[in-house]
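1. model the following, please.
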Amino acid sequence: LLRQDASALSDLEVRRRGNYPSVDCIVLKGRLCYLARLVNSSCKPLLALLSTRDGENLPRLPWSRQIRGDLEQAYNIAPAFRKMLPHPGDHAKVWMDFISNNPNDWCEVVRSVRFVESVHDRETVPVEGPSIAAAFACT
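-> This is a model prediction of the structure:
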């Protein structure tokens with residue numbers, strides 16, 4: 001949505017009125033579907049590699065941190081997750097077992113995740129020149 005003047009609706013207002021998911025929601029659901037593909041694939045070494053840590057007492061690799069954050073966000077948003085599973089922070093194995101043993105239920109619950117807010121609704125980036133969307137800004 002390109003805003004031509006100050007009286008036009010913001011992207012967030014349009015998404016709220018139409019109940020359209022944000023790009024953040026679409027990407028999160030895509031990562032959760034990809035996680036299911038990894039868990040159910042025969043490529044267990046890749047899943048193990050993505051789940052490793054950089055070293056003893058060090059943080060998880062970026063993929064693991066991202067997926068854990070996605071699982072926690074989905075858990076907090078979708079009541080269906082809370083009805084079927086414990087919090088993912090302390091029960092990752094339970095979640096992986098559920099994904100592996102219940103692929104149809106997993107897909108259904110992932111489809112129920114829906115939110116219209118975006119991180120870009122809270123962060124503003126000044127743009128000079130014509131009214132265009134800024135993809136990123138280096139500071």
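
2. so which residue is smack in the middle of the chain?
-> Leu28 (2.3 Å; Cα atoms, centre = their mean).

3. how close does it get to Pro103?
-> Separation of Leu28 from Pro103 (Cβ to Cβ, to the nearest Å): 18 Å. (Glycine included, C-beta is placed from N, CA and C.)

4. re earlier: check contacts around the residue nearest to the centre of the chain.
-> 70, 73-74, 113 (Cβ atoms under 8 Å, 6 or more residues apart in numbering).

5. Trp106 now?
-> By Cβ under 8 Å, 6+ apart, the residues touching Trp106 are 36, 98-99.

6. now that we have these, which of them are buried?
-> Buried members of the contacts of Trp106, counted by 16 or more other Cβ atoms under 10 Å: 36, 98-99.

7. closest to Leu12 out of those?
-> Of all those, Leu12 sits closest to Ala36, with 29.4 Å by Cβ to Cβ.

8. so the closest one sits against Cys107, correct?
-> Yes - at 7.3 Å, Ala36 and Cys107 qualify as touching, with contact defined as Cβ atoms under 8 Å.

9. sketch out the low-pLDDT regions of this structure for me.
-> 1-7, 50-58, 122-139 (pLDDT under 70).

10. change it to 90
-> For the chain, residues meeting the criterion pLDDT under 90 lie at 1-20, 22-23, 38-68, 77-78, 80-81, 88-93, 96, 104, 112, 114-139.

11. for it, just list every one of the helices.
-> 11-18, 23-39, 44-50, 62-77, 79-84, 92-101, 103-112, 119-122 (DSSP state H).

12. who's in contact with the third one?
-> It refers to helix 44-50. Identification of contacts with helix 44-50 by Cβ under 8 Å, 6+ apart yields 38-39, 41, 61, 63-64.

13. identify the farthest-apart pair in those residues.
-> Put simply, by Cβ to Cβ the two of the contacts of helix 44-50 set farthest apart are Ser41 and Leu61, 18.5 Å from each other.

14. more neighbours, these two?
-> More neighbours surround Leu61 than the other of Ser41 and Leu61, with 14 against 10 (other Cβ atoms under 10 Å).

15. quick one: the more buried one from Glu108, how far?
-> As defined by Cβ to Cβ, Leu61 lies at a distance of 29 Å from Glu108.
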